[in-house]
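K.L.:
Quick one, fold the following:
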Amino acid sequence: MKAWLCGLNDEEKSSVSSILTYIGVEHSAFLHAFPLPDFVVLGKEVTTFELDEAVAVISLNDSLDVVGNYNTWLAPLPWRSQHLSVILKEIKQRQTFPQIAGVNLNLHVRHLEALLIRQALVSTQGVVSKAAQNLQIQRTTLIEKMRRYNISKSEF
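P.N.:
Reported below is the predicted structural model:
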């Protein structure tokens, strides 16, 4: 699983990061670190939240105003790994259910496109020109898409 950390102070970030690392959740404070995370952790000082995509939210603030279609859990610190594991299990299960509000086609297309680019780069051992040829697109187009999805050829 992957998580974005948004609006956390240093103390919150340290506490949350240690637990997420302990239970094996990849996390980053940079919003473009992942194409789309499985969930977002919001700091205690964050009072409102809005994102274009529907994503699960874990808030350290027990009075968060969420704008949009999100599954939200209010979980002030300190966290215990057992308590967080239950929340993450729920998040994982809800991702398999059909969305009530429909499907965000742009989100799924971007996710699929990033996945196909990564697979092409894996199969060509990071050789961009061969990957572009396999994907039947121009090399420059592939490089631009790699920038957009934060994919580095050094990963492969």
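K.L.:
Return the list of helices and strands in contact with the longest helix belonging to the chain.
P.N.:
Across the chain, the helix with the greatest residue count (assigned by DSSP state H) is helix 105-123. The contact analysis (3 or more CB pairs under 8 Å, 6 or more residues apart in numbering; DSSP states H and E) places helix 105-123 against helix 128-135, helix 139-148. Just so you know, the C-beta spots here come from the backbone N, C-alpha and C atoms, and that holds for glycine as well.
K.L.:
out of the ones you listed, which comes closest to residue 156?
P.N.:
helix 128-135 (8.7 Å; CB to CB).
K.L.:
and the angle from that closest one to helix 105-123?
P.N.:
Per axes from the mean of the first three to the mean of the last three CA atoms, to 10 degrees, the angle that helix 128-135 makes with helix 105-123 is 120 degrees.
K.L.:
Run through the strands of this structure in chain order.
P.N.:
Ranges of strands in the chain, per DSSP state E, are 2-6, 26-28, 39-42, 48-49, 56-59, 65-66, 72-74.
K.L.:
what about stretch 92-104, how long is it end to end?
P.N.:
18 Å (CA to CA, to the nearest Å).
K.L.:
average model confidence for it?
P.N.:
Across stretch 92-104, pLDDT averages out at 61.
K.L.:
and if you look at stretch 15-23?
P.N.:
Mean pLDDT, computed over stretch 15-23, is 79.
K.L.:
Stretch 124-140 too?
P.N.:
On average, stretch 124-140 scores 93.
K.L.:
taking the strands of the chain together, which one is wrapped up most tightly?
P.N.:
Greatest average neighbour count among the strands of the chain goes to strand 39-42 (a mean of 24), per mean count of other CB atoms under 10 Å.
K.L.:
Tell me which of the helices and strands packed on helix 105-123 sits most buried.
P.N.:
helix 128-135 (a mean of 18).
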